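Enquirer: this is a predicted model, with the sequence first.
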Amino acid sequence: MPRGDKSAYTDKQKRKAGYIEESYKKRGMPEEEAEARAWAIVNKIHGGGEKSGSGRGKPENIEVYKKGGRKGGAASAKRTKAAKSRAAKKAAKTRARNKLKKTSARKRKPKARKRRA
């Protein structure tokens with residue numbers, strides 16, 4: 001099998017690589033670089049091509065997906081308020097309000113209790 005041959009990959013792996021590559025292209029990456037990265041990610045997830053047959057599959061490495069979520073979250077924190085979605089704006093407001101409540105609760109002095117005789 002020559003280097004770069006994709007015949008050992010399943011249809012699912014090929015689809016996944018296609019979606020990843022499309023995403024990179026949409027962000028302005030050159031086509032060759034996008035394809036290389038897409039297949040690198042698929043290899044990281046699946047450990048290379050998968051041969052057919054019962055009991056030959058291995059579980060997917062989901063760490064790759066988690067990394068993407070962390071990166072995306074960091075990127076969204078840098079966006080302006082106007083660029084955020086309505087739901088994200090609402091969530092940000094709630095977090096700010098809750099944070100304010102916590103700090104103001106700490107500053108208040110506890111009320112003196114009346115003693116019973």
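Expert: Yes, it's here. All values reported here derive from a predicted model rather than from experimental measurement.
Enquirer: which residues touch Thr10?
Expert: Contacts of Thr10 were listed using CB atoms under 8 Å, 6 or more residues apart in numbering, and they are 49-50. Where you see a C-beta, it was placed from the backbone N, CA and C, and this is true even at glycine.
Enquirer: from what I can see Lys25 touches Ala34, true?
Expert: Yes. Taking contacts as CB atoms under 8 Å, Lys25 lies within contact range of Ala34: 5.0 Å.
Enquirer: those two - which one has more neighbours?
Expert: Ala34 (19 against 15; other CB atoms under 10 Å).
Enquirer: and the strand or helix carrying the more buried one, what does it pack onto?
Expert: Element membership for Ala34 (DSSP states H and E) is helix 31-46. On a contact count with 3 or more CB pairs under 8 Å, 6 or more residues apart in numbering; DSSP states H and E, helix 31-46 meets helix 11-26, helix 63-78.
Enquirer: list the contacts of it.
Expert: Counting by CB under 8 Å, 6+ apart, 6, 9, 13, 16-18, 20-21, 24-25, 29, 58, 60-62, 64-65 sit against helix 31-46.
Enquirer: do stretch 48-56 as well
Expert: Residues contacting stretch 48-56 (CB under 8 Å, 6+ apart): 6-10, 13, 57-58.
Enquirer: residues in contact with Ile20?
Expert: Counted by CB under 8 Å, 6+ apart, Ile20 has contacts 37-38, 41-42.
Enquirer: of the contacts of stretch 48-56, buried ones?
Expert: 9, 13 (16 or more other CB atoms under 10 Å).
Enquirer: helices - which of the contacts of stretch 48-56 land there?
Expert: In helices, judged by DSSP state H, the following of those are found: Gln13.
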